[in-house]
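Visitor: what follows is a protein structure lacking sequence information:
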């Protein structure tokens, strides 16, 4: 009986071609390898994503929580046609990107979670994701949303994405933007980089183990003071509010 | 005039600081007070460019002096664009040299990351000519790009030279725990690899991403004192030997030769004259490299190298920490960061660290004299100062 129910709960994945790994040199001189992750690697990825759920900075908490859920959904066969790409430096996890196919002609970009900052690792991983949809899967467009200002700058502004606000995105039902094949072709020379094939030793290192990020984003020292309050820029009102909350908690 | 010494220094990490601006200033000041071994000062000068606009806080000096419990000391905010820091040092110098005060706290602080980078760029652009430049959309990267293009055509500077400055300074910053950028970069990664153009895109051609300083929060502070107070403090005797300030036209296009940074040259001449030295006497320098081209151009205007040859000295490694004329061992604005009001003070903080011999891995060997060039506007208000260790 249980087996039959699982058949109902589990969506059937379509057989899509794999993402061919690539590599590139970062500004630091380090080599970044971007490859497709396997379902078996999800437990390791979850371990590295989990701490970021508590980083209340630049929407890391939101993005990490959603990526965690999407990885879990993929692992337990509760997401259809999802894929995950990982970006690694010497085996170390630098970024995770994921998405899914809605139809043979339309992709749905889910998340980009960068663990190394300041080197465009997230941007390179996002570009790889778009490359997968347009070049490898042969789709005509990818629906994209941003959950942070940094994402908006990287996707909507850099790629000049089209507004398709009549189409709700799977992430929160918010209005979508679209990366079309034409837009991708326009961005190809400036934003989409990488070399293939990946040298065997580099690829072997990447597959050997997904090591934890050595310098992951950390929570702000003072969360309330860090909050950007336009009309109380000093943050003092927020600090006072926190003290009031602390006092209330103590009184209780 | 009385001699003036620096007996205390303090600095915050330059990064995105997540506490109020007045506290940024206060933390740096507390470091300087502790370093000097004093608990009270006569006068407080607070260098800052944008508190009223960015942080919605005016009268910053009143907030800082109160936060530090230094009332009833006099307190004034000094706003002079990116040269606010060194301008405050100059005012502090005069306050002590004149005999009016014995101990002066000079602190620079800025919290620019409170707004997004577009707003920060616009805020900095307000220092340009309001009718001839700003209204047409000029930004500082735009100014730097035009300046760089002219410099390239006139003197043979190339993108490789600019990248060399960026790599040198950002990698120096790796040795500075208070620097904003702790991210090594390489020539391969930002210039030579097939991916370099994407890693290091044009911001305003020919200026690329890694030719620009980051937008930073941060604070830096100094305690200036009379000779009597300095001797009693027991701290190394670092004397301000010369300070020169000069201005140029507000609108860059009104200058007869836009590649000529006249205000830098004259400010340096005035500082040398006051100190009774020449450029050849300087052991270590902090120059205002908000854009990589500025380090090259300023290194010529302050007299370290002949005009048009700064990039050649860079090629020969003369500006490295172990070179003949070490420039920006702190990482400069490029690597250490550029919280505008704090920058001029932070440059002198580094010079004092170097002259005290406390710079660790980035220590310039046997440094006894130093120079700082704080470049305001696009070269329209510049302060150059010189320092010497006397004990």
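Guide: Nice, thanks for sending it over. This structure is a prediction, so every number in the text was calculated from the model and none was measured.
Visitor: which residue, other than its chain neighbours, is closest to residue A:216?
Guide: Residue nearest to residue A:216 in three dimensions, not counting chain neighbours: residue A:115, with 5.0 Å by CB to CB, 6 or more residues apart in numbering or on different chains. For the C-beta atoms, the positions are set from N, CA and C on the backbone; glycine is no exception.
Visitor: now the strands: where do they sit in the stretch 51-200 of chain B?
Guide: Assigned by DSSP state E, counting those that start in this stretch, the stretch 51-200 of chain B shows strands spanning B:74-78, B:103-111.
Visitor: quick one: which of these is nearest chain A?
Guide: Each of these has some distance to chain A by CB to the nearest CB; the shortest is strand B:103-111, at 8.0 Å.
Visitor: show me what the closest one is packed against.
Guide: Packing partners of strand B:103-111 (3 or more CB pairs under 8 Å, 6 or more residues apart in numbering or on different chains; DSSP states H and E): helix B:21-36, strand B:43-47, helix B:51-54, helix B:60-67, helix B:84-97, strand B:217-226, helix B:340-356.
Visitor: try 6 Å
Guide: helix B:21-36, strand B:43-47, helix B:84-97, strand B:217-226, helix B:340-356 (3 or more CB pairs under 6 Å, 6 or more residues apart in numbering or on different chains; DSSP states H and E).
Visitor: what about the residue nearest to residue A:216, how many neighbours?
Guide: 25 (other CB atoms under 10 Å in any protein chain shown).
Visitor: do you know how far it is from residue A:162?
Guide: 30 Å (CB to CB, to the nearest Å).
Visitor: run through the stretch 101-250 of chain A and note the low-pLDDT ranges.
Guide: Across the stretch 101-250 of chain A, the ranges flagged by pLDDT under 70 are A:221-245.
Visitor: buried set for stretch A:110-122?
Guide: A:110, A:111, A:112, A:113, A:114, A:115, A:116, A:117, A:119, A:120, A:121, A:122 (16 or more other CB atoms under 10 Å in any protein chain shown).
Visitor: hmm, who's touching it?
Guide: A:26-28, A:63, A:67, A:70, A:87, A:93-99, A:125-126, A:213, A:216, B:183, B:199 (CB atoms under 6 Å, 6 or more residues apart in numbering or on different chains).
Visitor: secondary structure class for the residue nearest in space to the middle of chain A?
Guide: In chain A, the residue lying closest to the centroid (CA atoms, centre = their mean) is residue A:112, at 1.7 Å. Under DSSP: H, G, I helix; E, B strand; the rest coil, residue A:112 falls in the strand class.
Visitor: look at residue A:5 and report its pLDDT.
Guide: Looking at residue A:5, its pLDDT stands at 89.
Visitor: and what of residue A:55?
Guide: So residue A:55 comes in at 86 (pLDDT).
Visitor: doesn't residue A:219 make contact with it?
Guide: Yes - contact criterion CB atoms under 6 Å: residue A:55 and residue A:219 qualify, at 5.0 Å.
Visitor: by mean pLDDT, flag the weakest helix or strand of chain B.
Guide: Of the helices and strands making up chain B, the lowest-confidence element is helix B:117-125, at a mean of 90, by mean pLDDT, DSSP states H and E.
Visitor: close to chain A: what parts of the stretch 151-300 of chain B are there?
Guide: Contacts of the stretch 151-300 of chain B with chain A, taken as CB under 6 Å from any CB of the partner chain, map to B:183, B:184, B:185, B:186, B:188, B:189, B:190, B:193, B:195, B:198, B:199.
Visitor: burial count for the third one?
Guide: By that I understand residue B:185. Burial of residue B:185 is recorded as 27 neighbouring residues (other CB under 10 Å).
Visitor: about what we covered before: can you name the two of the buried residues of stretch A:110-122 that sit furthest apart?
Guide: Using CB to CB, these span at most 22.2 Å, a distance reached by A:110 and A:119.
Visitor: quick one on the thing from earlier: and the contacts of stretch A:110-122, which are buried?
Guide: Buried among those (16+ other CB under 10 Å): A:26-28, A:63, A:67, A:70, A:87, A:93-99, A:125-126, A:213, A:216, B:183, B:199.
Visitor: in the stretch 51-200 of chain A, what residue is nearest chain B?
Guide: When you check the stretch 51-200 of chain A against chain B by CB to the nearest CB, the closest residue turns out to be residue A:193, at 4.2 Å.
Visitor: that residue against residue A:26, yeah?
Guide: No - taking CB under 6 Å as the definition, residue A:193 is not a contact partner of residue A:26, at 10.4 Å.
Visitor: name the nearest residue to residue 161, sequence neighbours excluded.
Guide: Defaulting to chain A. Among residues not flanking residue A:161 along the chain, residue A:177 sits closest, at 3.9 Å (CB to CB, 6+ apart).
Visitor: not quite, go with chain B.
Guide: residue B:311 (4.1 Å).
Visitor: ditto for residue A:160
Guide: Nearest residue to residue A:160 in three dimensions, chain neighbours excluded: residue A:183, at 6.4 Å (CB to CB, 6+ apart).
Visitor: wait, a helix at the one you found?
Guide: Yes - Residue A:183 sits within a helix when classified using three-state DSSP.
Visitor: and the helices in the stretch 151-300 of chain B?
Guide: B:159-173, B:187, B:196-199, B:227-233, B:262-275, B:292-301 (DSSP state H, counting those that start in this stretch).
Visitor: just those helices: most buried one?
Guide: helix B:292-301 (a mean of 27; mean count of other CB atoms under 10 Å in any protein chain shown).
Visitor: got the contact list for it?
Guide: Here helix B:292-301 has contacts from B:148, B:151, B:162, B:165-166, B:211, B:261, B:264-265, B:287-289, B:305, B:307, B:310-311, B:373, using CB under 6 Å, 6+ apart.
Visitor: after that helix, next one along is what?
Guide: Helices and strands here follow DSSP states H and E; after helix B:292-301, the next one along the chain is helix B:310-315.
Visitor: mind giving me the packing neighbours of that following helix?
Guide: helix B:292-301.
Visitor: now the helix it packs on: average pLDDT?
Guide: On average, the pLDDT along helix B:292-301 is 98.
Visitor: quick one: it to helix B:262-275, angle?
Guide: Comparing the axes of helix B:292-301 and helix B:262-275 via axes from the mean of the first three to the mean of the last three CA atoms, to 10 degrees yields an angle of 40 degrees.
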